[in-house]
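A.B. asks: Dropping a prediction and its sequence here:
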Amino acid sequence: MKVLIADDHAIVRRGLQQILSDEYDDIEFGETGSAQETVDAVWREKWDVLVLDITMPGRSGLEALKDIHKECPELPVLVLSMHPEDQFARRALKAGASGYMTKETAPEKLVNAIDKIMSGGKYVSETLAEQLAEDLGKDDASGADHDRLSDREFEVLREMASGLTGTEIGDKLKLSPKTISTYRARILQKMGLRTNAELTLYAVKHGLVD
């Protein structure tokens, strides 16, 4: 089995490899540390499963996921993120992920998640499965304002609402302050907001900040 692990932290990649190596006898790993490296690796080689982080340098993991799913829709992708599932799981599944789990649950549930998506199933927590089932009966037109944001804009929104400056967000996401400023303008325009204070109040009200 060939597993590609995409995460910008080497210690996380090593930890995931150890968990999987303890379970599977015949396993081969590949590693990438950015979204573009991940896309390139998928183009170069055939993989049985991809374990993908969301927040990486440059493009986000979700942006890479859309490209990968478009060209390799049969590749099972497990999004493994530090972000709570109620904030990002729907976006990941919509982009083509086969499953979503948080990093804090990985030691106990990673193997089960890999087994399930490799057998053609979808992996989400029981709580999220119930929420998704409830959403089936809702009108899509009633979606929240932040649902209109792109995946990267949504990331920037969360960081802004957490109190980080444009420079700090740029350093964290490996983007220039000018790019962050552009994202800020787009976010405010799309959501009909005027100031960072209004944005922060919105994010708190909708549970978008940890």
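C.D. replies: Yes, it's here. Numbering: from 1, shown residues only.
A.B. asks: My reading is that Gly207 lies in a helix. Confirm?
C.D. replies: No: using DSSP: H, G, I helix; E, B strand; the rest coil, the assignment for Gly207 is coil, not a helix.
A.B. asks: ok, now which ones touch it?
C.D. replies: Counting by CB atoms under 8 Å, 6 or more residues apart in numbering, Gly207 makes contact with Asp86, Gln87. Any C-beta I mention is one placed from the backbone N, CA and C, and that applies to glycine too.
A.B. asks: Could you find the residue nearest the spatial middle of the protein?
C.D. replies: Ile54 (3.3 Å; CA atoms, centre = their mean).
A.B. asks: Isn't that residue up against Phe88?
C.D. replies: Yes: using CB atoms under 8 Å, Ile54 is in contact with Phe88, at 6.1 Å.
A.B. asks: so what sits against both of these two?
C.D. replies: Joint contacts of Ile54 and Phe88 (CB under 8 Å, 6+ apart) are Leu62, Val79, Ser81.
A.B. asks: Which ones among those map onto helices?
C.D. replies: In helices, judged by DSSP state H, the following of the shared contacts of Ile54 and Phe88 are found: Leu62.
A.B. asks: For the residue nearest to the centre of the chain, grab phi and psi.
C.D. replies: Here is the backbone geometry of Ile54 (degrees, to the nearest 10): phi -90, psi -50.
A.B. asks: Please enumerate the strands of this structure.
C.D. replies: Here the chain has its strands, by DSSP state E, at 2-6, 28-32, 49-52, 77-81, 99-102.
A.B. asks: Show me where this structure has its helices.
C.D. replies: Along the chain, counting by DSSP H, helices occupy 10-21, 35-44, 61-71, 85-95, 106-118, 126-135, 151-161, 166-173, 177-191, 196-205.
A.B. asks: weakest of those helices in terms of mean pLDDT?
C.D. replies: Ranked by mean pLDDT, these end with helix 126-135 at the bottom, a mean of 74.
A.B. asks: Buried residues of that one, list them for me.
C.D. replies: Leu128 (16 or more other CB atoms under 10 Å).
A.B. asks: And that helix, what does it pack against?
C.D. replies: For helix 126-135, the packing partners by 3 or more CB pairs under 8 Å, 6 or more residues apart in numbering; DSSP states H and E come out as helix 85-95.
A.B. asks: List the buried residues in the helix it packs on.
C.D. replies: Glu85, Gln87, Phe88, Ala89, Arg90, Arg91, Ala92, Leu93, Ala95.
A.B. asks: just to revisit the earlier point, in CSV, list the strands of the chain along with distance to Leu132, mean pLDDT and mean neighbour count.
C.D. replies: Shown next, in CSV, are the strands of the chain (distance: least, CB to CB, whole Å; pLDDT from 0 to 100; neighbours: other CB atoms under 10 Å):
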stretch, distance to Leu132, mean pLDDT, mean neighbour count
strand 2-6, 25, 97, 22
strand 28-32, 29, 97, 17
strand 49-52, 20, 97, 26
strand 77-81, 15, 94, 26
strand 99-102, 11, 92, 23
